[in-house]
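Novice: Just need the structure, nothing else, for what follows:
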Amino acid sequence: MNNQVQEIADGCEQLPERFIRKQDEEYGHITDTGGASEIPVIDVSLLTSSQLELERLKSAIITWGCFQGVNHGIEVSLLDKVRETSRLFFNLSAEEKKRYLREEDDVEGYGNDMVLSDDQILDWTDRLYLTVLPQDQQKLQFWPQNPTHFREVVNEYCSKLELINELILKALARSLNLDENCFIDQYGTTAKMTARFNYYPPCPWSDKVLGIKPHSDGSAITFLLQDKEVEGLQLLKDGQWFGVPVVPDALTINVGDQIEIMSNGIFKSPVHRVLVNSKDQRSTVAMFCMPQTEKDIGPADGLITDDRPRLYKNVTFSLDFYFKNYQQGKRSVDACKI
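Specialist: Model (predicted):
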């Protein structure tokens with residue numbers, strides 16, 4: 001697949017076979033509700049002062065694994081700049097974007113996801129995947145020089161998310177009556193943040209493709225900046241797919257596999273997927289926050305009891321480990337269970 005999905009979509013008279021989604025055994029029987037769900041809305045500014053909001057956060061993560069974060073302290077103007085920066089990049093010519101193509105054996109850069117097998121179904125999306133933190137690990141050859149303010153905007157956005165990420169990790173620990181640094185202490189000193197800029201071209205056969213196949217995130221916390229108008233994200237809950245609505249100026253925040261492990265399964269990393277629109281393009285920006293990859297993580301000692309024994313091994317989460325499971329339609333967290 002040398003062409004990006006954006007190019008395929010522009011001149012597509014017949015849907016290429018590799019994109020046609022299969023009704024797989026694990027998710028094929030699940031009902032699609034078709035409508036948007038009431039994902040809990042959490043006031044992030046109250047998490048340090050309100051026990052009620054802390055309990056609402058705990059309930060949201062146990063029930064949904066996800067919430068809409070409002071009053072998070074990031075200016076709307078900066079959120080709009082992040083969206084605009086992403087849009088400007090994907091509006092560049094195909095030739096210009098291909099200057100940032102990822103290398104065959106790496107996830108970082110512009111393009112499609114890795115193809116690991118001949119029977120792998122491809123996602124109807126192009127993406128730009130970048131390491132943003134630590135800054136000394138940024139591979140600047142993959143960072144667009146056009147728009148000219150790309151790096152400045154992304155770095156500013158990430159510095160704000162770092163603060164929110166720490167606040168939420170502490171709040172999640174306190175909600176389980178643990179020391180507030182319990183999860184952060186497992187992070188190590190060189191925690192990572194990676195960015196995935198997603199572009200979903202319209203597809204006339206939108207019922208036959210997926211923007212992103214069902215998966216759970218390999219992160220500790222994921223921050224998604226949704227498209228302002230076009231929905232597409234769905235969460236799996238109680239055997240049904242539920243649409244995640246667009247809430248103006250909110251961040252859609254979910255826990256990933258690493259928090260499921262650290263919480264000994266109390267918090268669930270939600271399985272989710274992305275639908276595409278038959279007429280409208282959609283773009284989102286996901287930021288994945290995770291501990292340093294050289295460091296083992298495991299269930300917090302305070303959450304291992306006779307009634308709830310240890311459910312997960314201590315593991316080191318590498319991108320290779322995560323993506324190999326992801327492309328095979330498996331949850332990496334399942335490979336960590338005892």
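
Novice: Count the residues that sit near Asp320.
Specialist: 12 (other Cβ atoms under 10 Å). No exception for glycine: its C-beta is placed from N, CA and C like everyone else's.

Novice: The helix or strand it falls within - what's its average pLDDT?
Specialist: Using DSSP states H and E, Asp320 maps to helix 319-327. Here helix 319-327 scores 69 as its mean pLDDT.

Novice: same thing with stretch 172-191?
Specialist: In the prediction, stretch 172-191 has an average pLDDT of 90.

Novice: Can you pull out the residues in contact with that stretch?
Specialist: Outside stretch 172-191, the residues within contact range by Cβ atoms under 8 Å, 6 or more residues apart in numbering are 54-55, 57-58, 61, 133-134, 166, 169-171, 220, 255, 259, 262-263, 266-267, 289-292, 294-295, 297-298, 300, 302-303.

Novice: Can you show me the helices along the stretch 1-150 of the chain?
Specialist: For the stretch 1-150 of the chain, applying DSSP state H, counting those that start in this stretch gives helices covering 5-10, 51-63, 76-90, 94-97, 150-175.

Novice: May I see those helices organised as CSV, with mean neighbour count and distance to Ser45 added?
Specialist: As requested, the helices of the stretch 1-150 of the chain are exported to CSV (neighbours: other Cβ atoms under 10 Å; distance: least, Cβ to Cβ, whole Å):
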stretch, mean neighbour count, distance to Ser45
helix 5-10, 18, 38
helix 51-63, 17, 9
helix 76-90, 16, 15
helix 94-97, 13, 38
helix 150-175, 19, 9
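
Novice: of these, which approaches Arg308 most closely?
Specialist: Of all the helices of the stretch 1-150 of the chain, it is helix 51-63 that lies closest to Arg308, at 13.4 Å by Cβ to Cβ.

Novice: Now do that closest one: distance to the chain's middle.
Specialist: Its chain's C-alpha centre and that of helix 51-63 lie 21 Å apart, by Cα atoms, centre = their mean, to the nearest Å.

Novice: Same check on stretch 261-274?
Specialist: Centroid separation for stretch 261-274 versus its chain: 12 Å, with Cα atoms, centre = their mean.

Novice: do stretch 211-228 as well
Specialist: 2 Å.

Novice: For that stretch, list every residue counted as buried.
Specialist: Within stretch 211-228, the residues scored as buried using 16 or more other Cβ atoms under 10 Å are 211-227.

Novice: Of those, which belong to strands?
Specialist: Within those, membership in strands is found for 212-215, 221-225, as judged by DSSP state E.

Novice: Just give me the neighbour total for Pro299.
Specialist: 23.

Novice: Check what pLDDT it gets.
Specialist: Predicted confidence (pLDDT) for Pro299: 96.

Novice: where do the strands sit along the stretch 201-338 of the chain?
Specialist: Here the stretch 201-338 of the chain has its strands, by DSSP state E, counting those that start in this stretch, at 212-215, 221-225, 233-237, 240-243, 251-255, 272-274, 282-290.

Novice: Tabulate these (CSV), appending distance to Asn71 and mean pLDDT.
Specialist: CSV is the format used below for these (distance: least, Cβ to Cβ, whole Å; pLDDT from 0 to 100):
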stretch, distance to Asn71, mean pLDDT
strand 212-215, 28, 90
strand 221-225, 15, 98
strand 233-237, 21, 93
strand 240-243, 24, 90
strand 251-255, 10, 98
strand 272-274, 24, 94
strand 282-290, 18, 96
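
Novice: is the closest residue to Val230 other than its chain neighbours in a bridge, and if so with what?
Specialist: Distance criterion Cβ to Cβ, 6 or more residues apart in numbering; nearest residue to Val230, sequence neighbours excluded, is Arg282 at 4.1 Å. Per DSSP bridges, residues listed as beta-bridge partners of Arg282: Tyr200.

Novice: What count of nearby residues applies to Arg282?
Specialist: Neighbours of Arg282 (other Cβ under 10 Å): 22.

Novice: Columns distance to Ser159 on top of the strands of the stretch 201-338 of the chain, output as CSV?
Specialist: Shown next, in CSV, are the strands of the stretch 201-338 of the chain (distance: least, Cβ to Cβ, whole Å):
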stretch, distance to Ser159
strand 212-215, 27
strand 221-225, 13
strand 233-237, 25
strand 240-243, 31
strand 251-255, 15
strand 272-274, 26
strand 282-290, 11
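
Novice: Pro202: which of these is closest?
Specialist: strand 282-290 (8.4 Å).

Novice: Now find how far off-centre that closest one is within its chain.
Specialist: Centroid separation for strand 282-290 versus its chain: 5 Å, with Cα atoms, centre = their mean.

Novice: who does it touch, helix- and strand-wise?
Specialist: Helices and strands touching strand 282-290, by 3 or more Cβ pairs under 8 Å, 6 or more residues apart in numbering; DSSP states H and E, are helix 76-90, helix 150-175, strand 192-200, strand 221-225.

Novice: Can you lay out the ones you listed as a markdown table showing distance to Val246?
Specialist: Shown next, in a markdown table, are those (distance: least, Cβ to Cβ, whole Å):
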| stretch | distance to Val246 |
| --- | --- |
| helix 76-90 | 12 |
| helix 150-175 | 19 |
| strand 192-200 | 14 |
| strand 221-225 | 11 |
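
Novice: need the helix or strand of the chain with the lowest average pLDDT.
Specialist: Least confident helix or strand of the chain, by mean pLDDT, DSSP states H and E, is strand 31-36 with a mean of 58.
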